[in-house]
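Novice: Build the 3D model from these lines:
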Amino acid sequence: MNDPRPILGITMGDPASIGPEVAVKAFANKEIYNSCRPLLVGDARVIADAIGFCGLDLKVNPVKTVGEGRFLFGQIDVYDLENVDFEKLKKGEMSAMAGDVAFKTVVETINLAMKGEIDGTVTGPINKESIHMAGHRFSGHTEIYAHYTRTKKYAMLLVENDLRVIHVSTHVSLREACDLVKKDRILDTIELMHQACRQLGTDNPRIAVSGLNPHAGDGGIFGWEEKTEIIPAIEEALSRGYQVYGPIPGDTLFPKAIGGSYDGCVVMYHDQGHIPFKMVGFTWDNKTQKMNSVKGVNITLGLPIIRTSVDHGTAMEIAGKGIASPDAMVLAIEYAVKLHNNRI
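Specialist: Residues are numbered from 1 along each chain as shown. Here you go, the predicted structure:
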């Protein structure tokens, strides 16, 4: 009898970060085994160490092939790459070794998905500086996935409950981000958002498009990009039958989106979308000096494979302390399952 649950390759992230911790805590959630067959890609010794300092009642089952996975709650199937120099690994510290491990773990997971051995991928946090120290010149997961899947049109989608945010540009300087606000790029991003909303269960999504400049340019007083690039993209999207609204100033768009006016938000650059998104999904406790909750999922759209991710960083300052929240990892797994089950 075929098992209908998708096999998901879940990376441990940077081995010196909170990545292994949030992964093992997610695997301690029995519910994820009801919807998928989770396979943790990384180093078995690092995973066993994380189980230990988190005080979890879990065992490690190292495997060398996907077919060896047992996918039983209580033991973590680890696709063991055996590539961590455990004696040199220092939790909370950036290093070329850790960066190289994180990078190669991601690439191996992509390869498993591209070969059809797994049904989707979920990524733990990586440290860009460590990856660069190792000589891998990528600005983040999104760009690694695009390169190794040979994808030209792709975008980052952030999801937290009903708030969905997609970016016209992501990991570039603000100066370059302004230069990337072009009609065709905006139109591609609107189309990716429309497709994503449909795959997440909204048949005819309402999509809001932000302006680039204060007050969405105020008729050209504060900038010309709205008139020359953003409005023409919106008009083209409308002619294709999409429900699109804008350009809307960012400080107006997000209160309305959070209130339920839109199913998706297209923003022009990284921080324009990330700041309001994290205001919704992240909860800081000043007394304990830590995040009580870190929610939000990052989905890469346009790829030939499924990729979801936690939308938080490596949090080196708390690595190895056993206090990191697995909320975002659990959500990322849930969304990978949803994307698999609702394939268009």
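
Novice: how's the chain carved up into domains?
Specialist: 7-151+303-341, 155-277 (automatic domain parsing).

Novice: Among those, which comes closest to residue 287?
Specialist: Closest approach to residue 287 among the domains of the chain is made by domain 7-151+303-341 (13.5 Å; CB to CB). For every residue, glycine as well, the C-beta is placed using N, CA and C.

Novice: Now the terminal residues of that closest one, how far apart.
Specialist: Its first and final residues considered, domain 7-151+303-341 spans 12 Å by CA to CA, to the nearest Å.

Novice: Pull the distance from it to the chain's centre.
Specialist: Here the centre of domain 7-151+303-341 is set off from its chain's centre by 12 Å, with CA atoms, centre = their mean, to the nearest Å.

Novice: Rounded mean pLDDT for it, please.
Specialist: Predicted confidence along domain 7-151+303-341 averages 95 (mean pLDDT).

Novice: same thing with stretch 198-213?
Specialist: Summarised as a single mean, pLDDT over stretch 198-213 is 93.

Novice: With stretch 216-228 instead?
Specialist: The pLDDT scores in stretch 216-228 average 93.

Novice: now the domains of the chain in CSV, with mean neighbour count and distance to residue 296?
Specialist: Converted to CSV, these look like this (neighbours: other CB atoms under 10 Å; distance: least, CB to CB, whole Å):
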stretch, mean neighbour count, distance to residue 296
domain 7-151+303-341, 20, 4
domain 155-277, 19, 4
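
Novice: any chance of those domains in TSV, with distance to residue 297 too?
Specialist: As requested, the domains of the chain are arranged in TSV below (distance: least, CB to CB, whole Å):
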stretch	distance to residue 297
domain 7-151+303-341	5
domain 155-277	5
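
Novice: out of those, nearest to residue 283?
Specialist: Closest approach to residue 283 among the domains of the chain is made by domain 7-151+303-341 (9.2 Å; CB to CB).

Novice: Need the contact partners of stretch 40-60.
Specialist: If you take CB atoms under 8 Å, 6 or more residues apart in numbering as the criterion, stretch 40-60 is touched by 9-12, 15, 20-21, 23-25, 27-28, 62, 74-84, 86, 89, 101, 105, 108-109, 112, 320-322.

Novice: scratch that, stretch 240-254 is what I was asking about
Specialist: Taking CB under 8 Å, 6+ apart as the rule, stretch 240-254 contacts 190-191, 194, 204-212, 214-217, 226, 230-231, 234, 237-238, 256, 262, 265-267, 272, 276.
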